[in-house]
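Peer 1: attaching a predicted model along with its sequence, questions to come.
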Amino acid sequence: MQKSSVVVVADKTSLKRPFIFANAVHMALCFFMLRMTVIWHRDLIQTGKMVPSISVAMMYVIEAGCLLLSVLGVFGACKGKRWCLILYAAGMAAASQTIIIRTALSYQDVYEKRVVREESKLLSMMPLSGPIKANRTLLHNIQEEFECCGLIEGYKDWGASIPASCNCHYPGKCIRLRGSATIGAPKNQYVYREPCLPIYVSELKLAFSLVMAIQFGSGIFWIILLFMSIKLMGQIKKKQEFIAFLQSNRYVPDIYQSYNSALTQAGFGEREPIQYGGDAVTLSNAQWRVYGFLSVRMPVTNVALKIILKQVIRLMAFHVRQHTGTVIS
């Protein structure tokens, strides 16, 4: 008679569900960032603004690559494919190191040089009351957005030609112009009190700091996913090694049957014999339950516990043969 068995192994991959959940969150974030990049790029094209094509391409590659890596990691975790997790870990290692190193090296340039460049761009518009009318659309937008007026000395920078973007409608942020305040300015006019340059530079530094923090945080999150994938690979490897051990010639190949079918046979139908050393023995209901509990719940992470489980089932079969006498050949 050809022997066959169904092996029931306790699932000790405790990181499987947390790993899948973390990657699901990561996929949602990557999809959101990719969608925002597409919208931003489309708006730039519609407004006719030029952006470096290399920067846009890099954003698309990084976001799409991270999305595909998460899909690969979830597939590897669900199917128990170590090669998927190896590719996932390699990709996450490269991505995390790249973004952390790039953030650390570019922090000085972003935080200082770009801020100084934007500040110089605004200062080049001075004096605002002069005859040369440079392109001041940016300054008007800043005044409306940040509720300020002028650059250095507030509304006085504009002289008598105070633009409508300085008009204030919030009493706490307004100052009332009088006849002696500015020559030729409308009397009893309310304008914003604060100058724009300090506010704009402060907001610009805050925005750059947030961008750097998001990039650095993304790198840390990728490192966490990297270590989770490495740990999960080790757990999957141990499980595969144990299954191979059960199916090898060093172990009784047909001692296990399905735990669920064992309980069904013990409670509702005729009990079928199990194989032990070439003999078929019939277990009682209670023995079936003990047998199923041991086959599912016994820790199987090292060789010593595997040997203990083997000896327990051997003694159980011997007890059945000696006391019940129900040996079926």
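Peer 2: That came through fine.

Peer 1: show me where this protein has its strands.
Peer 2: Counting by DSSP state E, the chain has strands at residues 174-177, 189-192, 274-276, 279-281, 327-328.

Peer 1: nearest residue to residue 193 in space, please, no chain neighbours.
Peer 2: Residue nearest to residue 193 in three dimensions, not counting chain neighbours: residue 175, with 4.4 Å by Cβ to Cβ, 6 or more residues apart in numbering. Heads up, the C-betas are built off the backbone N, CA and C, glycines and all.

Peer 1: how close does the one you found sit to residue 192?
Peer 2: In this view, residue 175 and residue 192 are 8 Å apart by Cβ to Cβ, to the nearest Å.

Peer 1: do the same with residue 153
Peer 2: 13 Å.

Peer 1: the more surrounded of the two?
Peer 2: A direct count of neighbours by other Cβ atoms under 10 Å for residue 153 and residue 192 places residue 192 higher, at 25 against 12.

Peer 1: excluding chain neighbours, what is closest to the more buried one?
Peer 2: residue 149 (4.1 Å).

Peer 1: and the one you found, what is it in contact with?
Peer 2: Residues near residue 149 by Cβ atoms under 8 Å, 6 or more residues apart in numbering: 143, 155, 158, 162, 165-166, 168, 191-196.

Peer 1: switch to 6 Å and redo it
Peer 2: Taking Cβ atoms under 6 Å, 6 or more residues apart in numbering, we find residue 149 in contact with 143, 155, 166, 191, 192.

Peer 1: now, which of these sits nearest residue 245?
Peer 2: Residue 245 lies nearest to residue 143 out of the contacts of residue 149, by Cβ to Cβ, at 74.6 Å.

Peer 1: what is the burial count for the spatially closest residue to that closest one that is not a sequence neighbour?
Peer 2: With Cβ to Cβ, 6+ apart as the criterion, residue 143 has its nearest non-adjacent residue at 4.1 Å, and that residue is residue 165. When neighbours are defined as other Cβ under 10 Å, residue 165 has 19 of them.

Peer 1: my guess is residue 165 contacts residue 139, does it?
Peer 2: No: look at residue 165 against residue 139 with Cβ atoms under 6 Å: they stay out of range, at 8.1 Å.

Peer 1: quick revisit: least confident pick among the contacts of residue 149?
Peer 2: pLDDT across these is lowest for residue 155, at 81.

Peer 1: ok, it to residue 71 distance?
Peer 2: 56 Å.

Peer 1: more crowded one of those two?
Peer 2: residue 155 (25 against 15).

Peer 1: that one contacts residue 191, correct?
Peer 2: Yes: using Cβ under 6 Å, residue 155 is in contact with residue 191, at 4.6 Å.

Peer 1: find the residues that touch each one of these two.
Peer 2: Common neighbours of residue 155 and residue 191 (Cβ under 6 Å, 6+ apart) are 149, 166.

Peer 1: and stretch 75-90, end to end?
Peer 2: 16 Å (Cα to Cα, to the nearest Å).

Peer 1: what comes up buried for it?
Peer 2: For stretch 75-90, a neighbour-count test (16 or more other Cβ atoms under 10 Å) marks 76, 77, 80, 81, 82, 84, 85, 87, 88, 89 as buried.
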